[in-house]
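Peer 1: Quick one, what's the 3D model for this:
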Amino acid sequence: MGALALAVFVTLSSCVSVCCSGNTHSAEETLRMEKKPQAAAVKELQTSECEEATHDHEALAQILETNPEEPAEEAAGSATCGEDDEEEDGFSPSEAHRRDLDPCFHYTVLDQAWRATNSSTKSKMCDRHVKWAGWYRLFYNGRSLQMPERCVPVNKCGTHAPLWLAGPHPRRRDGVVTRNVCGHWKDKCCAFLSTPIQVKKCPGNYYVYKFTMPSTCYLAYCADVNTLVCGQCSKYELCVSRDKINWRCKKKNTIPMKVHFFASFPAPLTGKVKRIKYSRVLVNTGRAFNRWSGVFRAPVRGVYQFFFSTQASGAGLKTDLWLVVNDYWVAVSRTLLPRASSAGSLSTYMTLLNRGAVVYVTQDGGQSWADAASVTITFGGSLLVQWRESE
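Peer 2: Just a heads-up that it's a prediction; the model follows:
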């Protein structure tokens, strides 16, 4: 720790001597906006650096407090998390692998009060001193929040030029997006166009960020305290704001899904048929029925009603058609004729299904009759009521 303090002191002493001598070319080379305006901004900032150099020991000490066993440049958070905001009953190995790679479940907590948009500290912080690695989630005193999408006043967020997100946060379906980051200085909201960062929206109405080293000092990423309310929104709500200052939770406008299907098999069936492939599809609203496999897969959670029928003939021959839901035989359509004749049988079944549930019809024995012109061996169903996933 003593060697680290000595190294920090030597670094700061070098910084002071360089900035006070008026040598600004190294900072100018890091800027990514127009050269002349940014060069002037850098010169102004470096003048401020001379004034703030005496406070850098205190600023770096704050970072060191985050992880006293590591160098200051590596203290970019407090913990690595793998929490799930939404509990699930279970998931497949492929989903487990996906989660292992998903930054929504593997990020570093960044809970530093000085980053708040309402924070103004004597010691100015600079995120160029931080060695950023991986993904981060912003917190303020243990409560989740997000970066501001508006210009933040200078000397806020514990720095000279606060960094804000120059673009909207993504939606869930957008996945990982790249956004520009601006630093406000001297009445110019984007006086510094820092290195772009990556952003992703996660289940539970929070965001993770892949921060990068800013273009110069003193710049630091902001945490917008006005968005603390967003952490209270349910997964059926959006956090919205017209002025990017006042935020609120708003219920999502969901359109109920329409699901209807009706299919038939155009030929006789004899004996056991594990899964009837109803190849003649008359209705398939919502495209949840697969004619090639004969399987209906529930697209959403809700209450469904199914029907299935057969036409049987012959004396003393029992014909059984079973409705199978997730490999459970749940309902039967049975025909047993005491004498030579022909008769049809229709059965219905109503149930609550989770999204992804598999439904099909099997013939357990007997003989069902149909031809290309008839509609006697049938299978169909409808979604009656769509339910929320948590209900």
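
Peer 1: Span of stretch 177-195 from start to end?
Peer 2: Its first and final residues considered, stretch 177-195 spans 14 Å by Cα to Cα, to the nearest Å.

Peer 1: Kindly apply the preceding question to stretch 200-213 instead.
Peer 2: 19 Å.

Peer 1: now swap in stretch 152-162 and tell me
Peer 2: Across stretch 152-162, the terminal residues are separated by 6 Å (Cα to Cα).

Peer 1: What pairs with the longest strand seen in the chain, parallel or antiparallel?
Peer 2: Identified as the longest strand of the chain according to DSSP state E is strand 188-202. Using DSSP bridges, strand 188-202 pairs in its sheet with strand 177-185 (antiparallel), strand 206-210 (antiparallel).

Peer 1: Beta-bridge partners for the nearest residue to Gly380 once chain neighbours are set aside, please?
Peer 2: Of all residues not flanking Gly380 in the chain, Phe262 sits nearest, at 3.8 Å (Cβ to Cβ, 6 or more residues apart in numbering). Backbone N, C-alpha and C define where each C-beta goes, glycine included. Assessed by DSSP bridges, Phe262 has beta-bridge partners Val283, Gly380.

Peer 1: how deep is Phe262 tucked in, by neighbour count?
Peer 2: Neighbour count for Phe262, taken as other Cβ atoms under 10 Å: 19.

Peer 1: And Thr195, by the same measure?
Peer 2: The number of residues near Thr195, taken as other Cβ under 10 Å, comes to 14.

Peer 1: Also Ala113?
Peer 2: 14.

Peer 1: Work out the gap between the helix or strand hosting Leu238 and the centre of the chain.
Peer 2: If you go by DSSP states H and E, Leu238 is part of strand 237-240. Centroid separation for strand 237-240 versus its chain: 14 Å, with Cα atoms, centre = their mean, to the nearest Å.

Peer 1: next SSE after it?
Peer 2: strand 248-251.

Peer 1: what's that following strand in contact with?
Peer 2: Val229, Cys230, Gln232, Cys233, Ser234, Tyr236, Glu237, Leu238, Cys239, Val240, Ser241 (Cβ atoms under 8 Å, 6 or more residues apart in numbering).

Peer 1: From Lys200, how far off is the fourth one?
Peer 2: Here Cys233 is placed at a distance of 17 Å from Lys200 (Cβ to Cβ, to the nearest Å).

Peer 1: before we move on, the earlier item: ok, now how distant is the residue nearest to Gly380 from His129?
Peer 2: In terms of Cβ to Cβ, Phe262 sits 67 Å off from His129.

Peer 1: Check Gly204 too.
Peer 2: 31 Å.

Peer 1: More neighbours: which of those two?
Peer 2: Under the criterion of other Cβ under 10 Å, the comparison of Gly204 against His129 puts His129 first, with 22 against 15.

Peer 1: can you pull out the helices in the chain?
Peer 2: For the chain, applying DSSP state H gives helices covering 2-20, 25-30, 35-52, 56-66, 93-101.

Peer 1: tell me the contacts of Thr117?
Peer 2: Counted by Cβ under 8 Å, 6+ apart, Thr117 has contacts Pro148, Val152, Lys156, Cys157, Pro162, Cys222, Ala223, Asp224, Val225, Asn226.

Peer 1: that older thread, for Asn290, which of the strands paired with strand 188-202 is the nearest?
Peer 2: strand 177-185 (33.6 Å; Cβ to Cβ).

Peer 1: avg pLDDT for the closest one?
Peer 2: Average pLDDT, strand 177-185: 93.

Peer 1: what ranges of the stretch 51-200 of the chain fall below the confidence cut-off?
Peer 2: Where the stretch 51-200 of the chain drops to pLDDT under 70, the residues are 51-97.

Peer 1: let's go with 80 and repeat that
Peer 2: 51-100, 120-123 (pLDDT under 80).

Peer 1: what sits against Ala298?
Peer 2: Ala288, Tyr304, Leu353, Asn354, Arg355, Gly356, Ala357, Val359.

Peer 1: how deep is the nearest residue to Gln363 once chain neighbours are set aside tucked in, by neighbour count?
Peer 2: Using Cβ to Cβ, 6+ apart and skipping residues adjacent in sequence, the residue nearest Gln363 is Val273, 4.1 Å away. Val273 has 17 neighbours, counted by other Cβ under 10 Å.

Peer 1: what's the spacing between Val273 and Leu384?
Peer 2: 28 Å.

Peer 1: do Pro148 as well
Peer 2: In terms of Cβ to Cβ, Pro148 sits 45 Å off from Leu384.

Peer 1: ok, these two, which is more surrounded?
Peer 2: Neighbour totals were compared for Pro148 and Leu384, and Pro148 leads with 23 against 12 (other Cβ under 10 Å).

Peer 1: got a list of what the more buried one touches?
Peer 2: With Cβ under 8 Å, 6+ apart, Pro148 has these contacts: Thr117, Trp164, Leu165, Cys222, Asp224, Asn226, Thr227, Lys244.

Peer 1: Likewise for Trp322?
Peer 2: With Cβ under 8 Å, 6+ apart, Trp322 has these contacts: Trp329, Val330, Ala331, Val332, Ser333, Val361, Thr362, Gln363, Asp364.

Peer 1: Over to Thr270?
Peer 2: Listed by Cβ under 8 Å, 6+ apart, the contact set of Thr270 reads Gln367.

Peer 1: I appreciate the help and will end here.
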